[in-house]
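[1] Please work out how this folds:
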Amino acid sequence: MADAAISATIQVALETVISLTADRVSLVLGFREELERLCNTAETIRGILADADGKMHIPGVKNWLKQLEGELFEVENVLDKLNYETLHREVKYRNQLKKKVCFFFSYFNTIGSRSGLASKIREINMNLERINRQANDLGLVFRFQIEAALPAAAGATTSRHTDSILVPNVVGRVHDESKIVDMLLSPSEKVLSVIPMTGMGGLGKTTLAKLVYNDPKIDGHFGQKIWVCVAKEQIKIMELFKLILVQLTREEVKVDDRDVIVKKIGEKLKGQRYFLVLDDVWDHEQGLWDDYFNTLMGLNETKGSWCLVTTRLVPVANAVSRPLKMNGGPYFLGKLPDNECWSILKEMVIAGEEVPTELEAIKNQILRKCDGLPLAAKLIGGLLVNKKKEEWKSIMKESHTNEYQSEIDQILKVSFDHLSPASVKKCFAYCSIFPKDTDLKQDLLIELWMAEGFVQPDRQNQRLMEEIGADYLRILLQNSLLEKVEESWRTYYKMHDLVHDFAKSVLNPKSSNQDRYLVLNSYEEMAENVRRNKSASLRTLFLHLESRISADMLSRFKHLHVLKLSGEHVTFLPSSIGELLHLRLLNISYSEITSLPESLCKLYNLQTLTMSDDALEGGFPNQMSNLISLRHLNYNHDDAEFKMPMHMGRLACLQTLMFFNVSQERGCGIEELGTLKYLKGSLEIRNLGLVEGKEAAKQAKLFEKPSLSHLRLDFEWKSGDRKSDNCDEDVLEGLQPHQNLQELEIRYFMGNKFSQWFVNLSKLVELQIEDCERCSELPTVGQLPSLKRLYLKRLDNIRSVGDEFYGITANEEEGEGRSQASGSSTRRRKFFPALEELYVEYMENLVEWKEADQMRSITGEAEADVFPMLRDLSISHCPRLISLGVNGQKCPLSHLERLRLCGCDGLTTIPNKMFESCLSLQSLRVVRCPNLVSLSHNLQETPSLKDLAIVGCPKLILHRLNGSSFATNLRELWIASFSSNDFSMDDFDWSGLISALTLRELELRGLPHSDSLPHQLQYLTTLTSLSLDNFGGIEVLPDWIGNLVSLETLWLWSCQKLQSLPSEATMRRLTKLTRVEVYQCPLLRQRYTPQRGIYLKEEISSDEISSDPTSSDSEQEGNDGAQTSCSCCFPSLLKKES
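    Reported below is the predicted structural model:
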């Protein structure tokens, strides 16, 4: 295996040498012949290497490879130095503003001999020719071989796509999943229980754990779900607690105080059952797990929490079971039967097609290799899918079992050997530099591969290195060497730990001359490597320090291509960084560095610079524009006044630029964006109020940037007088983006209307328009075929939503009228054909919203579809709006799942036809609509409804809400008394809710004089949470509360006369009740005091108070001032009064 790894290393090095010499041979007249000689020698050696791959058994061949590897390392360094000098002269020439190209070349030629590069290259040529002669002595011959830049695995000849292979298709674990889920849902008298799942690597323990974790049956059972990947042979208890807190808060944990961390975990888990997964555990130290689980059990008295542990080791399973006194033993995950392994493989190789005879012929051989391991089946499938059928048999022969290698390693070796081109092998191995179970991001991987030289530009086909890197990634995915994970908000890649072990053995093979890639976690480790003279050979260094960097530390690593610095004590970057002439990637995002030295600007090879957002305090270095190889500036700063580097337009290779602050300083205007034609991904342009007119804006050349996917245009300028607001329309016109744009945000635009180029954005998926206070017309977007999400917020001058919004012009109306008069037929029109989410918020002056029927009338069409795919509709804080733009009568909202109306004072009725087609409606919230009189909603028409809230609607008559007997899926209900009339909540039709078994959460809001609860509540025995608010006349909670045997949480708000909880006997019937929260109930607080045995906790977090459903966004109506609050633990509630 190590020999194949070195061979791949040499192949990649040869490709680099050939590429570099070809690039520079025409530029350096002084030793052009030596470069041509070097290129020819490299081509010859490449042909000989193809023969050497098959003759590793010949004595001397392996040693020959080691010599060749060492010499090629030196060749790369010399040629890279030559490349650096060329870039240096280019920068110097450009900065001197010389126009005669011959000056540059002649100047460089005069220093060529003085630099010593010519003599060094002559020496290298002699060494390589000597190595070439040694190859002849070993019987190695030249074999003509041209390796395709992209093999069939990634090209058009394969009929399957990566995504089709990566669709999760878990086979054979249905019984295991069901069994574990049943255990989790079973009643438990323990606060915390554990299921240790064990089995050999490759069985799919993590996959099964994910299935269980994502099973919808457990979502409503546990208040919190926490996934923690351990993946360490030894782990400290503080690390475990930190990992839990990170998952609970989604924030970095910077404190190291155990008590503080444990306290925060307790606050997050308070009063809830939780499901914790500890994945890939290796540490079986008993004291660790005793301490860990005993601490967890002390945080929460709620019964029924579970922990699922995955491990390969039975001792770990025993160790985690002991502190929780689990008697059942580990859950042993068995191998898959042959038929299920076969199903996995068939899905990957033939995807539902008929099994070809070539595959059937090797079925038994394949199944023996799989040995019941789903990972093995995936690897073999990934190997075969990219090969011709005629090759399948020979490939399987290559993987004959070696007594010293496991089946998985044999399969991995064959998969590795068949990766092509050789660069893909290096890319695969490089992934193992990260710890196991790391979430790998595509852009990061490709940037690293480029920095290491594994990806070279394809100038013949004019393809960017990033595009080639993406192809390499697809090859690894197709071979199941990486796994693609797609979540709602991100996509990343994972490497199975067995694959990771294999890749790590390839990355720094023992038979290699030197370690090229290292991860060091202390100054001591670094000093040891320097002492052993390893620093000179390093190409990649991930360095984590607990101390400051010395001024000369970095200069010891002369040949680094990749440097990642991290540690909270790493606060400055020494000027010696400028001595790393070969450096292509610098990542300081996990350090505390706040400034960059000017010497950084000497790194002419630097391709990627990554820093923490908002880290820089003094701006970029002055000569930042000298980094002419920079492709990715991974940095964002929220301050619109943050100074941009001057002359950014000189960074012509730049692809990633997260923001650009327009300023009035020389070299910082919007025209700097014009030459950055490769920009991709997201870009935010700020201070557009400083741009003078259309022609100035056009200099950004956004229309010529097809790879930009997300564009944010911010016209706000806070630091002084902006240019005339009247020119904003012209500026926006000049900022027309390429039609490939997918997301567009516009903020603080001060024009009256938007540009017509909106109609050309055929690929636009999301549009956000905010704080454009002068706009009187909405943009024309109703005909955009791809638009899925539309957000309109704080457009104060919009009074009507009508023709222009839907995309109907005056000429069109006139034409349609003539067609109607003549009786000619018209085509069916669609408005917003793909829109799924529509949010209209804080439109203070919006009065009229033309409905679908009006659009049909205008266009003269018999049929028109308006919002046919709409799933989520939210209209909030539009106080003057008198009607909704959708009524559902002739344009049904058959896909609508969520409807939210909040703060719409002018709304008096919701059309009864609106809900007739809403069979998919799951959530309906009507909040603070004070003039709403009619909500003609028959729950029979919305059988999928799970969440219903009607609050703050004093004129609404509640009993008109019909059909509650059909609310058989309702899980959450919030309702309020609506006026001071004689209406009682008893009038509400509770019948359906009583018979339904789904209702879990109920919140009722009464009136200050309400002195009783609806008696029907006692029959809602499935409730787990009950909140009572503003029942000002109630003095004692009724004893029938004890009928709510499933109740876990009881909230009491603003019950001014409430003096007592139910009797002790009643409370004892509530065996699952673990949490009572009391707010603004002064008499109750006087009765239950710490002196009387009730534990009262004064601290209460603001997010707990905000559970009031009438609260919207950051508003907290009715919760002004300090809250009198307490948290009463259930066991204390049962203590007798003294």
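
[2] check contacts around Leu596.
    Contact analysis of Leu596 by C-beta atoms under 8 Å, 6 or more residues apart in numbering lists Leu573, Leu616, Phe620, Pro621. Just so you know, the C-beta spots here come from the backbone N, C-alpha and C atoms, and that holds for glycine as well.

[3] biggest separation within these, which pair?
    Maximum pairwise distance among those (C-beta to C-beta): 12.7 Å, between Leu573 and Phe620.

[4] neighbour-wise, which of the contacts of Leu596 leads?
    The most crowded member of the contacts of Leu596, judged by other C-beta atoms under 10 Å, is Phe620 (24 neighbours).

[5] Please verify my assumption that that one contacts Lys643.
    Yes: using C-beta atoms under 8 Å as the test, Phe620 is close enough to Lys643 to be in contact (7.5 Å).

[6] Now secondary structure and distance to Leu79 too, for the contacts of Leu596, in a markdown table please.
    Formatted as a markdown table, those follow (DSSP: H, G, I helix; E, B strand; the rest coil; distance: C-beta to C-beta, whole Å):
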| residue | secondary structure | distance to Leu79 |
| --- | --- | --- |
| Leu573 | coil | 27 |
| Leu616 | coil | 34 |
| Phe620 | coil | 30 |
| Pro621 | coil | 28 |
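
[7] Next, format those as JSON lines and append pLDDT and distance to Glu672.
    Listed next are those as JSON lines, based on pLDDT from 0 to 100; distance: C-beta to C-beta, whole Å:
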{"residue": "Leu573", "pLDDT": "93", "distance to Glu672": "25"}
{"residue": "Leu616", "pLDDT": "92", "distance to Glu672": "19"}
{"residue": "Phe620", "pLDDT": "94", "distance to Glu672": "13"}
{"residue": "Pro621", "pLDDT": "94", "distance to Glu672": "16"}
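
[8] Return the member of these nearest to Ser1010.
    Nearest to Ser1010 among these, counting by C-beta to C-beta, is Leu616 at 57.9 Å.

[9] how deep is the closest residue in space to Thr594 that isn't next to it in sequence tucked in, by neighbour count?
    Nearest in space to Thr594, with sequence neighbours left out and distances taken as C-beta to C-beta, 6 or more residues apart in numbering, is Glu617 at 4.6 Å. For Glu617, the neighbour count with other C-beta under 10 Å is 8.

[10] tell me the SS of Glu617?
    coil (DSSP: H, G, I helix; E, B strand; the rest coil).

[11] now it: how far from Met611?
    12 Å (C-beta to C-beta, to the nearest Å).

[12] Give me the mean pLDDT for stretch 947-962.
    For stretch 947-962, mean pLDDT is 76.

[13] Show me what whichever helix or strand Val485 is part of packs onto, helices and strands only.
    Val485 belongs to strand 483-486 when assigned by DSSP states H and E. Strand 483-486 makes packing contacts with helix 162-166, strand 491-494 when contacts are defined by 3 or more C-beta pairs under 8 Å, 6 or more residues apart in numbering; DSSP states H and E.

[14] Residues touching the shortest one, excluding its own?
    When contacts are taken as C-beta under 8 Å, 6+ apart, the neighbours of strand 491-494 outside the stretch itself are 437-442, 445, 473, 477, 482-485.

[15] Go again with 10 Å.
    For strand 491-494, contacts defined as C-beta atoms under 10 Å, 6 or more residues apart in numbering pick out 166, 206, 229, 431, 436-442, 444-445, 473, 476-477, 482-486, 500.

[16] Next secondary structure after it?
    helix 497-507.

[17] Also the longest one?
    With elements assigned by DSSP H and E, the helix or strand that comes after helix 162-166 is helix 174-185.

[18] The next helix or strand after that following helix pairs with which strands, parallel or anti?
    Following helix 174-185 in sequence order, the next helix or strand is strand 192-198 (DSSP H and E). Applying DSSP bridges, strand 192-198 is found paired with strand 305-311 (parallel), strand 331-332 (parallel).

[19] who wins for proximity to His647 among the ones you listed?
    strand 305-311 (53.9 Å).

[20] got the buried residues for the helix or strand following that closest one?
    For strand 305-311, the following helix or strand on the C-terminal side (DSSP H and E) is helix 314-321. Residues of helix 314-321 classed as buried by neighbour count (16 or more other C-beta atoms under 10 Å): Val316, Ala317, Asn318, Ala319, Val320, Ser321.

[21] So this structure: which segments form each domain?
    2-137, 174-332, 338-507, 514-622, 1000-1112+1121-1138 (automatic domain parsing).

[22] Distance to Ala949 for the ones you listed - can I get that in JSON lines?
    Listed next are the domains of the chain as JSON lines, based on distance: least, C-beta to C-beta, whole Å:
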{"stretch": "domain 2-137", "distance to Ala949": "61"}
{"stretch": "domain 174-332", "distance to Ala949": "18"}
{"stretch": "domain 338-507", "distance to Ala949": "24"}
{"stretch": "domain 514-622", "distance to Ala949": "36"}
{"stretch": "domain 1000-1112+1121-1138", "distance to Ala949": "5"}
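
[23] can you tell me which of these the model trusts least?
    Minimum mean pLDDT among the domains of the chain: domain 1000-1112+1121-1138, a mean of 71.

[24] for Val212, helix, strand, or coil?
    helix.

[25] Okay, helices next: where are they in the stretch 401-550 of the chain?
    Under the criterion DSSP state H, counting those that start in this stretch, the stretch 401-550 of the chain contains helices at 407-417, 422-430, 442-451, 465-478, 497-507, 523-531.

[26] chain center to the last one, what's the gap?
    By that I understand helix 523-531. 36 Å (C-alpha atoms, centre = their mean, to the nearest Å).

[27] Can I get that helix in PDB, CA atoms only?
    C-alpha atoms of helix 523-531 as PDB (Å, rounded to 0.1, in the frame of the first residue of the first chain):
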ATOM      1  CA  TYR A 523       4.900  24.100  21.200                       C
ATOM      2  CA  GLU A 524       6.700  21.100  22.500                       C
ATOM      3  CA  GLU A 525       5.600  18.900  19.600                       C
ATOM      4  CA  MET A 526       6.700  21.600  17.100                       C
ATOM      5  CA  ALA A 527      10.100  21.900  18.800                       C
ATOM      6  CA  GLU A 528      10.600  18.100  18.600                       C
ATOM      7  CA  ASN A 529       9.900  18.100  14.900                       C
ATOM      8  CA  VAL A 530      12.300  21.000  14.300                       C
ATOM      9  CA  ARG A 531      14.900  19.100  16.300                       C
END
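
[28] Summarise which helices and strands that helix is packed against.
    strand 517-520, strand 540-544 (3 or more C-beta pairs under 10 Å, 6 or more residues apart in numbering; DSSP states H and E).

[29] buried residues in that helix?
    Buried-residue list, helix 523-531, by 16+ other C-beta under 10 Å: Tyr523, Met526, Asn529.
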